[in-house]
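Visitor: Structure, please.
(4 chains)
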2 protein chains.
Amino acid sequence: MDAMISADATAGEAAYRQIRHDIIFGKLLPGARLKLERLREPYNASVSTLREILNRLASERLVLAEGQRGFEVAPVSQQHFKEVAAMRELLEGHAMRESFARGDVEWESNVLSAHHKLARLEQRMSAGDASATEEWKRYDREFHAALISACGSCELMAAHRQIFDHYLRYQIIAVIYRGDDASREHRQLLDAALARDHQAAANVLGRHIQACVEHTVRNGLLAA
Amino acid sequence: MDAMISADATAGEAAYRQIRHDIIFGKLLPGARLKLERLREPYNASVSTLREILNRLASERLVLAEGQRGFEVAPVSQQHFKEVAAMRELLEGHAMRESFARGDVEWESNVLSAHHKLARLEQRMSAGDASATEEWKRYDREFHAALISACGSCELMAAHRQIFDHYLRYQIIAVIYRGDDASREHRQLLDAALARDHQAAANVLGRHIQACVEHTVRNGLLAA
DNA sequence: TTACGAAAAATATCAGATATTATTGATTAC
DNA sequence: GTAATCAATAATATCTGATATTTTTCGTAA
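Guide: Numbers count the residues shown, from 1 in each chain, chains lettered A, B, ... in the order given. Got it, this is the predicted structure:
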């Protein structure tokens, strides 16, 4: 009886997660070529396994597979950021409406709990502890995931997860920090959720998302 | 100077397309296990190449990759069909609104032209020529793609393309035929597009999509 | 019938070989 | 000096075959 049946049973799965993480968190820069031989050592995987991984990431649009010229990290642009932001707003807004309409008490308490963890961390960060950015992003993702978790559609949640990670990548790359504002908006989302007010939630979400885009564009943090 | 730079330059790309096509068009049945050795011969690809392909398809959720138990064709269910349908309605509805607002004359004529090809084929099919199902589906896809082609978001169009193919798969599997109704609805979509009436288009699209779902559910064409 | 464990099948992963394609740099022509 | 040409180099796509694990299968014992 194997005590721990972690999801990343396979070895290649670990490398996949790592590479994906490194792209989203900017360790692998946009446009960087991904030579197979070079990746072998740092990710502990053979060329064949790496090719499988890069193919998966290409499907997710996190890497680019150009003909027979190998792979490279997906480039970034203002235009694309706007598209990703709009997509997130569409999916998450719709999912919240559904979720608010169906969520039961169990759901409510999950949202509450996810918000609590996030808020505590935001408190710490607001107080100057900037050490936990990755953890913060994880709780952020989990809070937003909790909000829509009662929407009743795996397909919708999967699509949201994917676009959320693209959005997150832009937040990281453009070094967007708007801690206190974000924190307030999270609080407002929580309140809207408990009040089942999807319209209010959509409004807050719109601000939450568009503020980042505007901040990035205004300060020219992305090429073109 | 190579005269033909077709997109499927690589050999594995051909196998990818073929397998994908075979899943969507029901040649590979839902739930069927995809043993690597068995696929080698029919798709002219080695195990390594096949693994790359199946990994890509797994990202697209057309195949299932369960831990170390290999791959299988993604299963189907009523619940999932409903989710896919709702997703298509959300994405396509939104994309049409954007597209109608931005499309220029070039766009209008593309829509018109795409509709013409589709309508001609529907005429033929309505007259009894059932030989061209795959061609019909292709024109159907191209018409809907044309409608949203001015939406201004590659991200949105990519997501739509993906969900559209899932939806198409259900249409094929459940052997849904509602030719004349569909044809009429396509006509209404064209009219709405030219009149830039996104609200009307959304209504028609809702019927267009939900009619298939209801037909399937009512006749119990899918397990569970 | 259920439980257990050994044999067989399949998978994940690797390494290395070949053919094809891109890239680079030097050479030549204008 | 710039542009075109072509050989040398590097990188990719793809295949074959090998090894270690993991599943599955199936017969035997409880």
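
Visitor: Tell me which helix or strand the most centrally placed residue in chain A sits in.
Guide: Centre of chain A computed as the mean C-alpha position; nearest residue by CA atoms, centre = their mean is residue A:165, 2.7 Å away. Using DSSP states H and E, residue A:165 maps to helix A:154-173.

Visitor: Would you tell me whether that helix gets close to chain B?
Guide: Yes. Under the criterion of CB under 8 Å from any CB of the partner chain, helix A:154-173 makes contact with chain B via A:154-156, A:158-159, A:163. In short, each C-beta sits where N, CA and C put it, glycine included.

Visitor: the domain parsing of chain A - what is it?
Guide: Chain A breaks down by automatic domain parsing into domains covering A:11-73, A:78-218.

Visitor: any idea of the mean pLDDT for the helix holding residue A:165?
Guide: When pLDDT is averaged along helix A:154-173, the result is 97.

Visitor: list the buried ones in it?
Guide: The neighbour-count check on helix A:154-173 (16 or more other CB atoms under 10 Å in any protein chain shown) flags A:155-157, A:159-160, A:162-173 as buried.

Visitor: hmm, back to that, which of the residues of helix A:154-173 next to chain B lies closest to residue B:77?
Guide: For residue B:77, the nearest member of those is residue A:154. The distance, counting by CB to CB, is 10.6 Å.

Visitor: burial measure for residue A:34, as a count.
Guide: By the criterion of other CB atoms under 10 Å in any protein chain shown, residue A:34 has 20 neighbours.

Visitor: Give me the phi and psi for it.
Guide: Per-residue torsions, residue A:34: phi -110, psi 80 (degrees, to the nearest 10).

Visitor: May I have the residues that are in contact with it?
Guide: By CB atoms under 8 Å, 6 or more residues apart in numbering or on different chains, the contact set of residue A:34 is A:28, A:54, A:63, A:70-73.

Visitor: The helix or strand where residue A:199 lies and chain B, any residue contact?
Guide: In this assignment (DSSP H and E), residue A:199 forms part of helix A:198-218. No. Using CB under 8 Å from any CB, no contact is recorded between helix A:198-218 and chain B, whose separation bottoms out at 13.4 Å.

Visitor: That helix vs helix A:154-173, what angle?
Guide: What separates the directions of helix A:198-218 and helix A:154-173 is an angle of 30 degrees, with axes from the mean of the first three to the mean of the last three CA atoms, to 10 degrees.

Visitor: next one: helix A:198-218 to chain centre, how far?
Guide: In terms of CA atoms, centre = their mean, to the nearest Å, the gap separating the centre of helix A:198-218 from the centre of its chain is 15 Å.

Visitor: and if you look at stretch A:11-24?
Guide: Computed by CA atoms, centre = their mean, the chain-centroid distance of stretch A:11-24 equals 14 Å.

Visitor: May I ask which two of the contacts of residue A:34 are separated the most?
Guide: Within the contacts of residue A:34, A:28 and A:70 form the most distant pair, 14.1 Å apart (CB to CB).

Visitor: More neighbours: which of these two?
Guide: A direct count of neighbours by other CB under 10 Å for residue A:28 and residue A:70 places residue A:28 higher, at 20 against 15.

Visitor: pLDDT at that one, what is it?
Guide: In the predicted model, residue A:28 carries a pLDDT score of 96.
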